[in-house]
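J.: Build the 3D model from these lines:
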Amino acid sequence: MTLQAPVDHELVIKKSRFLARVQPIKNRSEAQAIVWQLKQAHPDAVHVCWAMLAGGDSAAQDDGEPSGTAGRPMLEVLRHQDLDGVVATVVRYFGGIKLGAGGLVRAYTDAVAQALLRAEKSPIIPKIELTCWVPYDMEGWLRRQAQLAEVSILRVSHESLVQFVLEISKVQSLTWQQTLNDLGQGKLVWDDAKTDSSSQG
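T.: Numbering: from 1, shown residues only. I've put the predicted structure just below:
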């Protein structure tokens, strides 16, 4: 599962403010860009801790909190919810009272867990890319077929034939190709399907 949209949650414990956010991402570099933006937006915050899971890649960052008290507990929350393509961030403003290691683990865990309670989740649908060629007089027809089936057209190039690169859910691909072959009376030429990385949808 992944998230539909960013969700924020604020926790106050012994005057320390924990500003949590969970949001969808595609990869680690996108997560790091979000963290950098948060650091610019909250220059007075003592810590900006984060954790992410995306396509088999994971990261957890304590950002100056005692080792293992922030990023790792946040990552565990994401794992327990079976999420992927998601980053959790917590901006902490220190309230002057130390919470201790156990208190920090609870605070960071709760901040992320509470944000996730309000987040809308959606299944990740594996997609594949299909490449096909059609005669010029069938270009408009194929565009309409793709629109009807909610298939994404990634690229179109015009050579001796019109080349379409399409993105379609894996489970839908075989039946859709078969339907097009029947309707197109054998005029479509397909390249071997290349499996793409799982896309959000």
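
J.: any idea what sits nearest the residue positioned nearest the centre of the chain, other than its immediate chain neighbours?
T.: Centroid check for the chain by Cα atoms, centre = their mean gives residue 85 as the closest residue, at 3.1 Å. Counting by Cβ to Cβ, 6 or more residues apart in numbering, residue 2 is the residue found nearest to residue 85 once chain neighbours are left out, at 4.2 Å. Backbone N, C-alpha and C define where each C-beta goes, glycine included.

J.: right, and the one you found touches residue 124 too?
T.: Yes - the criterion here is Cβ atoms under 8 Å, and residue 2 meets it with residue 124 at 5.3 Å.

J.: The two: which is more packed in?
T.: residue 2 (22 against 16; other Cβ atoms under 10 Å).

J.: Dig out what the residue nearest to residue 85 forms beta bridges with.
T.: residue 122 (DSSP bridges).

J.: can you tell me which residues contact it?
T.: Each residue near residue 2 by Cβ atoms under 8 Å, 6 or more residues apart in numbering is listed here: 24, 83-86, 121-124, 200.

J.: Mind doing that once more with 6 Å?
T.: The neighbours of residue 2, taking Cβ atoms under 6 Å, 6 or more residues apart in numbering as the test, are 24, 84-86, 124, 200.

J.: ok, the residue nearest to the centre of the chain to residue 55 distance?
T.: The gap separating residue 85 from residue 55 is 7 Å, by Cβ to Cβ, to the nearest Å.

J.: Ok, residue 94 next?
T.: Distance from residue 94 to residue 55, counting by Cβ to Cβ: 34 Å.

J.: just residue 133 next, same as before
T.: Noted for residue 133: a distance of 30 Å to residue 55, by Cβ to Cβ.

J.: Show me which of these two is the more surrounded one.
T.: Neighbours were counted for residue 133 and for residue 55 using other Cβ under 10 Å; residue 133 has more, 17 against 14.

J.: Across the sheet, point out what pairs with that one.
T.: As assigned using DSSP bridges, the partners bridged with residue 133 are residue 163, residue 189.

J.: now the strands: where do they sit in this structure?
T.: Listed in chain order, the strands of the chain (DSSP state E) span 2-3, 7-13, 16-24, 47-54, 57-61, 86-93, 121-122, 124-125, 127-134, 152-158, 162-169, 189-190, 194-195, 199-200.

J.: how far is the longest helix seen in the chain from where the chain is centred?
T.: Counting residues, the longest helix found in the chain (DSSP state H) is helix 100-117. Taking Cα atoms, centre = their mean, to the nearest Å, the mean C-alpha location of helix 100-117 is offset from the chain mean by 22 Å.
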